[in-house]
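*Asks:* pasting the sequence and the predicted model now:
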Amino acid sequence: MNLLPFFSYFCINLNKMQHDTKVNNNSLNFNVLEEDELLPFIIRKFHGISRNKAKNILTGGSVSVDGIQVTRHDYKLVPGMKVCVARNNNGSMLDNHWVRIVYEDRYIFVVEKRDGILCNSPYPGEETVQEILNDYLERNHQHCHAHTVHRLDRDTSGLLIFAKDKKTAVMFEEDWKETVYDRRYVAVVHGEMRKKKGTISSWIKDNSQHISYSSRTDNGGKYAVTHYEVLKVANGYSMVELTLDTGRKNQIRVHLNDIGFPVVGDPKYGDGDDHIGRLGLHAYKLCFTHPVTKQDMKFETPLPRCFSI
């Protein structure tokens with residue numbers, strides 16, 4: 001968003017500005033003097049700017065709080081914080097083909113990853129979501145590192161949490177089920193599912209080729225539960241919403257194959273047919289209680305366009 005008109009307004013009215021505001025060629029800087037939320041704070045500081053324009057400033061990535069880019073409208077401000085509105089966002093935005101930052105604060109990231117990239121890797125030099133975030137943190141002089149909280153398969157797209165310190169990551173790990181209370185995926189599968197909803201449960205274990213296989217009885221693997229609901233059926237395919245009670249390796253792909261409806265584009269557990277040009281699995285919804293601030297955090301991302309059936 002072009003912020004030049006707003007900067008011009010502030011420069012013309014410099015003598016009317018409050019003592020908590022500083023202007024330079026590249027940004028407006030505000031000191032937070034009382035508890036507030038970010039969107040109404042921006043509206044007031046820009047002297048009656050419309051709510052929609054204020055939202056555009058936030059979602060455009062032009063606002064940072066204490067040096068951290070923030071896009072959340074209800075982000076809590078407390079006295080002593082510094083809010084910066086940049087003339088343009090080219091310096092601090094993460095401009096990457098693979099990863100989009102959905103939310104960021106001093107403790108965590110919520111990101112959306114594209115299909116085709118690993119979340120992390122033990123092999124140095126491989127581009128991963130974690131490495132992209134670490135590069136972003138270094139460029140923006142944030143003295144911390146991205147810690148993996150949970151993962152998506154390489155070819156699954158969607159929402160992920162990364163922590164900025166080990167302590168926050170451990171807080172997620174130690175109380176995962178209570179903290180992360182809603183995760184939902186959408187899959188495009190082969191076949192027209194007639195049963196509109198159901199639950200799939202089994203024990204999942206890797207074989208010697210690192211392929212996960214499923215058993216209705218205890219095979220020494222990990223117990224896994226997947227709930228599904230059919231959203232749409234057409235042209236020999238189904239679109240299905242999935243909710244997980246557990247988070248096992250390849251769980252959704254294994255379970256959907258178990259009931260005879262493999263995920264489109266899955267060469268590992270299906271036939272590899274990919275008329276949509278990719279694996280038909282997307283993590284579209286993520287809801288959790290922030291382990292540090294205790295805020296209720298809810299995120300959704302649109303489905304990939306190719307998921308239409």
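*Replies:* Looks like it came in fine.

*Asks:* report the contact partners of Tyr228.
*Replies:* Going by CB atoms under 8 Å, 6 or more residues apart in numbering, Tyr228 touches Lys197, Gly198, Thr199, Ile200, Val240, Glu241, Leu242, Thr243, Leu256. For glycine as for every other residue, the C-beta is placed from the backbone atoms N, C-alpha and C.

*Asks:* restricting to C-alpha, output the longest helix seen in the chain in PDB.
*Replies:* If you go by DSSP state H, the chain has its longest helix at helix 129-139. C-alpha atoms of helix 129-139 as PDB (Å, rounded to 0.1, in the frame of the first residue of the first chain):
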ATOM      1  CA  VAL A 129      10.800 -23.400   5.900                       C
ATOM      2  CA  GLN A 130      13.000 -23.300   9.100                       C
ATOM      3  CA  GLU A 131      16.000 -22.000   7.100                       C
ATOM      4  CA  ILE A 132      13.900 -19.400   5.300                       C
ATOM      5  CA  LEU A 133      12.600 -18.100   8.700                       C
ATOM      6  CA  ASN A 134      16.100 -18.100  10.200                       C
ATOM      7  CA  ASP A 135      17.400 -16.000   7.300                       C
ATOM      8  CA  TYR A 136      14.500 -13.600   7.800                       C
ATOM      9  CA  LEU A 137      15.200 -13.300  11.500                       C
ATOM     10  CA  GLU A 138      18.900 -12.600  10.800                       C
ATOM     11  CA  ARG A 139      18.100 -10.000   8.200                       C
END
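
*Asks:* could you list the buried residues of it?
*Replies:* For helix 129-139, burial by neighbour count (16 or more other CB atoms under 10 Å) applies to Val129, Gln130, Glu131, Ile132, Leu133, Asn134, Tyr136, Leu137.

*Asks:* and those, which is closest to Leu39?
*Replies:* Tyr136 (24.1 Å; CB to CB).

*Asks:* what mean pLDDT does whatever helix or strand comes next after the longest helix of the chain have?
*Replies:* Downstream of helix 129-139, the first helix or strand assigned by DSSP states H and E is strand 147-148. On average, the pLDDT along strand 147-148 is 96.

*Asks:* between helix 129-139 and the helix or strand that strand 147-148 is followed by, find me the angle.
*Replies:* Per DSSP H and E, the first helix or strand lying C-terminal to strand 147-148 is strand 157-163. Note on geometry: by axes from the mean of the first three to the mean of the last three CA atoms, to 10 degrees, strand 157-163 and helix 129-139 are set 50 degrees apart in direction.

*Asks:* what does the following helix or strand past strand 157-163 contact?
*Replies:* Downstream of strand 157-163, the next assigned helix or strand under DSSP H and E is helix 166-174. For helix 166-174, contacts defined as CB under 8 Å, 6+ apart pick out Tyr107, Ile108, His147, Thr148, Val149, His150, Ile161, Ala163, Thr179, Val180, Pro291, Val292.
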